[in-house]
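A.B. asks: Need a 3D model of the following:
(2 chains)
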Amino acid sequence: MNKELIIRQMAGILSLIAAALLPCGGSALALDTRPLVEVELFTDKDRLAPGEKFRLGLLFKISPGCHIYWMNPGDAGLAPQIEWKLPEGFHAGPVFWPAPQRMEEPGGLLVNVYTEEVMFFSWVRPPERIKDPSVTLKADASWLVCRKICVQESAEAKLELPVGSGLAEASPSEGIFSRYAARVPRPASDFSTLRSETRWIRKTQPQQETRTGIIVLESMAEKSIWLTGEGEFYWFGYPSENLTSGEIHYDAVHSSAKRLVFHLSVRKLDGASAWLAKWGGVLTATLVREGADTVNYALSLDFTEQAE
Amino acid sequence: MKVLTSMILIAALAITTAVLTASETEPQSSGSEAKAMKAPVFTAVDHNGKEQSLAQYKGNVVVLEWINPDCPFVVRHYREGTMKGLAERFKDQGVVWLAVNSTNYHDANKNKEWVEKYSLGYPILVDKDGKIGKLYGAKTTPHMFVVNRDGELIYNGAVDDDPNGKKDKRDVYVLSAIQAALSGSMPARRETKPYGCSVKYAN
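C.D. replies: This next block holds a predicted model:
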């Protein structure tokens, strides 16, 4: 082996080490200070019509190997924060969060994450009268991005939109909105062919520390629904200071082709005041409809206190 | 999810479900007056190579703080002086502060740098294999545990109620837990959801 080759190999190894030390295995260039996540603002209309509501979304482009977190990050992490900065008279509704993915980190830590790309969006209603020929919409965002190590990043994104009366044209970015809107959890009642039922298994005493929740999904269509063989279903509990939920389990014994039964173990944190009158989360399930394609459902479900 | 694990879980549930639906009851909890569990004992070597064990601080209130100098949440709390401030404030009252670093790639030197950088009066225990971390179920950095004079674990959770570090007024849970431990009582919140970076376990 000649000297030049050894040096070249050494350099190769060194750059590999350097790359491994960077959070998301990114470029080994020391001067590369690009953020691990870049944000970009979009609207579903390319022109703004006074009084006509539109969707405003912030797209997060996440470096390969990195992840950001859902509203309940799981065992660790932090939810991103988004603040719309809109001109006077503009009203933004709540932020819609697409369903996350479950990821297991070393040590058995379970986190609720987004990888690659995600968009959070709100409906915005502009005022009935807008004087200016164009408006600037802004978003302030901060987030925690992790892989091997975690980094806190923040950015301001802005977008200038022309104002015009009459019906606004759909923007070319409308496709992104449809894609992420489809991933936002919805109640089962939004689906004509699906019915859901949630209940706690009858409690034995009010001070009890754990409860088991039962979730039933029923197919209302003539045709049946099944889980795929791999059992791709996850539970993501909504953020709570009092409750924590474990993994969801599929009850094969009580399930049938038209009726799927799940069990969920929920625990009250030690010293937490009481069980909440209402608590819920998101069930993601990959179901196969008879004679149809595979469908990925993200269902928003609530458990309420039932009368004894 | 791994197929094998799912199958085992399904099998296990098939059995438990049959029992549950038959009686519609759940296992009884131990009662409303929750008894604190004993803090798991451990022995470790700190950043100076000195042996540290929970047993040697018997009779003291002990605060365990999971730390990772690479984590932005830890960095923020050290810049703000949260941990150091609490440790110094209660030192004279016999409160022992032990930081534990379960990051799989942080050796004694890395921890020593941190102790020197912030002139800390307490040690950082080197727990590269994550043994103590897993013993306590440490999930995040920071993640705090408070042990009372009887060796009971009376607090497990977050430092405070401000994950984003933006609140004007914070409820510092660990402060309440230390005060409760000193007065021989139980804190109002014995468990909260810890926040921060995940503990970087090797496996």
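A.B. asks: Which strand residues bridge A:Q81?
C.D. replies: A:S142 (DSSP bridges).
A.B. asks: For A:W200, see how far away the residue lying closest to B:N109 once chain neighbours are set aside is.
C.D. replies: Take B:N109 and drop its neighbours on the chain: the residue closest to it by C-beta to C-beta, 6 or more residues apart in numbering or on different chains is B:H47, 7.9 Å away. (Glycine included, C-beta is placed from N, CA and C.) Relative to A:W200, B:H47 is positioned 48 Å away (C-beta to C-beta, to the nearest Å).
A.B. asks: neighbour-wise, which of those two wins?
C.D. replies: Neighbour count, other C-beta atoms under 10 Å in any protein chain shown: between B:H47 and A:W200, B:H47 has more, with 23 against 18.
A.B. asks: That one is in contact with B:L120, isn't it?
C.D. replies: No: at 9.3 Å, B:H47 does not count as touching B:L120 under the criterion of C-beta atoms under 8 Å.
A.B. asks: Mutual contacts of the two, please.
C.D. replies: Listed as contacting both B:H47 and B:L120 by C-beta atoms under 8 Å, 6 or more residues apart in numbering or on different chains are B:W114.
A.B. asks: Around the nearest residue to B:S176 once chain neighbours are set aside, how many other residues sit close by?
C.D. replies: Of all residues not flanking B:S176 in the chain, B:P187 sits nearest, at 4.8 Å (C-beta to C-beta, 6+ apart). Using other C-beta under 10 Å, B:P187 is surrounded by 23 other residues.
A.B. asks: Quickly find the element holding B:P187.
C.D. replies: Secondary structure from DSSP states H and E places B:P187 outside every helix and strand.
A.B. asks: List the backbone torsions phi and psi for it.
C.D. replies: Per-residue torsions, B:P187: phi -70, psi 160 (degrees, to the nearest 10).
A.B. asks: same deal with A:A188?
C.D. replies: With angles defined as degrees, to the nearest 10, A:A188 sits at phi -60, psi -30.
A.B. asks: Model confidence at the residue lying closest to it once chain neighbours are set aside, what's the number?
C.D. replies: If the residues on either side of it in the chain are set aside, A:A188 comes closest to A:S196, at 3.5 Å by C-beta to C-beta, 6+ apart. What the model reports for A:S196 is a pLDDT of 94.
A.B. asks: Low-confidence regions, the stretch 1-150 of chain A specifically.
C.D. replies: Along the stretch 1-150 of chain A, the model assigns pLDDT under 70 to residues A:1-33.
A.B. asks: which residues in it form strands?
C.D. replies: In the stretch 1-150 of chain A, the strands defined using DSSP state E, counting those that start in this stretch lie at A:37-43, A:54-62, A:68-74, A:81-85, A:91-92, A:101-105, A:109-114, A:117-125, A:134-146, A:150-162.
A.B. asks: Could I get the contacting residues of the residue in the stretch 101-250 of chain A that chain B sits nearest to?
C.D. replies: Nearest residue of the stretch 101-250 of chain A to chain B (C-beta to the nearest C-beta) works out as A:G107 at 3.2 Å. Contacts for A:G107 (C-beta under 8 Å, 6+ apart) come out as B:130, B:133-134, B:139, B:198-199, B:201, B:203.
A.B. asks: Do you have the helices of chain B handy? List them.
C.D. replies: In chain B, the helices defined using DSSP state H lie at B:3-23, B:72-80, B:82-91, B:108-117, B:131-136, B:173-182.
A.B. asks: quick revisit: hang on, the residue nearest to B:S176 packs against B:I154?
C.D. replies: Yes: with contact defined as C-beta under 8 Å, B:P187 counts as touching B:I154 (6.3 Å).
A.B. asks: where do the contact lists of those two overlap?
C.D. replies: Common neighbours of B:P187 and B:I154, counting by C-beta under 8 Å, 6+ apart, are B:146, B:177, B:180-181.
A.B. asks: of those, closest to B:K166?
C.D. replies: Nearest to B:K166 out of the shared contacts of B:P187 and B:I154 is B:A177 (C-beta to C-beta; 22.9 Å).
A.B. asks: contacting residues for the closest one?
C.D. replies: So B:A177 contacts B:144, B:146, B:154-155, B:187, B:189-190 (C-beta under 8 Å, 6+ apart).
A.B. asks: and A:I68, bridged to which residues?
C.D. replies: A:Y114.
A.B. asks: who's in contact with it?
C.D. replies: Per C-beta under 8 Å, 6+ apart, neighbours of A:I68: A:37, A:60, A:62, A:80, A:113-114, A:118, A:143-146.
A.B. asks: Chain B contacts on the stretch 1-150 of chain A?
C.D. replies: Residues of the stretch 1-150 of chain A lying close to chain B by C-beta under 8 Å from any C-beta of the partner chain are A:73, A:75-78, A:81, A:105-107, A:109, A:111, A:142, A:144, A:146, A:148-150.
A.B. asks: so where's chain B uncertain?
C.D. replies: Ranges of chain B meeting pLDDT under 70: B:1-35.
A.B. asks: Spatially nearest residue to residue 127, not counting backbone neighbours?
C.D. replies: All of this refers to chain A. Per C-beta to C-beta, 6+ apart, closest to A:P127 is A:G89, 3.4 Å.
A.B. asks: The chain in question should be chain B.
C.D. replies: B:S102 is the one closest to B:D127 (C-beta to C-beta, 6+ apart), at 4.4 Å.
A.B. asks: was I right about A:D140 contacting A:E83?
C.D. replies: Yes: in this structure, A:D140 is within contact of A:E83 by C-beta under 8 Å, at 4.5 Å.
A.B. asks: pretty sure the residue nearest to B:D127 contacts B:V199?
C.D. replies: Yes: the criterion here is C-beta under 8 Å, and B:S102 meets it with B:V199 at 5.0 Å.
A.B. asks: just the angle between the helix or strand A:W279 falls within and strand A:109-114, please?
C.D. replies: Using DSSP H and E, A:W279 maps to strand A:278-289. Angle, strand A:278-289 to strand A:109-114, by axes from the mean of the first three to the mean of the last three C-alpha atoms, to 10 degrees: 70 degrees.
A.B. asks: how about the helix or strand just after strand A:278-289: buried residues?
C.D. replies: Downstream of strand A:278-289, the first helix or strand assigned by DSSP H and E is strand A:294-304. Going by neighbour count (16 or more other C-beta atoms under 10 Å in any protein chain shown), the buried part of strand A:294-304 is A:297-301, A:303.
A.B. asks: More neighbours: B:S102 and B:V199, which one.
C.D. replies: B:V199 (31 against 27).
A.B. asks: Quick check: phi and psi at the more buried one.
C.D. replies: Here B:V199 shows phi and psi, under degrees, to the nearest 10, equal to phi -70, psi 130.
A.B. asks: same check, this time on B:R170
C.D. replies: Torsion angles, degrees, to the nearest 10, at B:R170: phi -110, psi 150.
A.B. asks: Next: A:F177.
C.D. replies: The phi/psi pair for A:F177 (degrees, to the nearest 10) is phi -60, psi -40.
A.B. asks: Please name the spatially closest residue to it (chain neighbours excluded).
C.D. replies: A:F177's closest residue in space is A:D44 (C-beta to C-beta, 6+ apart), at 4.6 Å.
A.B. asks: ok, now B:P123?
C.D. replies: B:D46 (3.7 Å).
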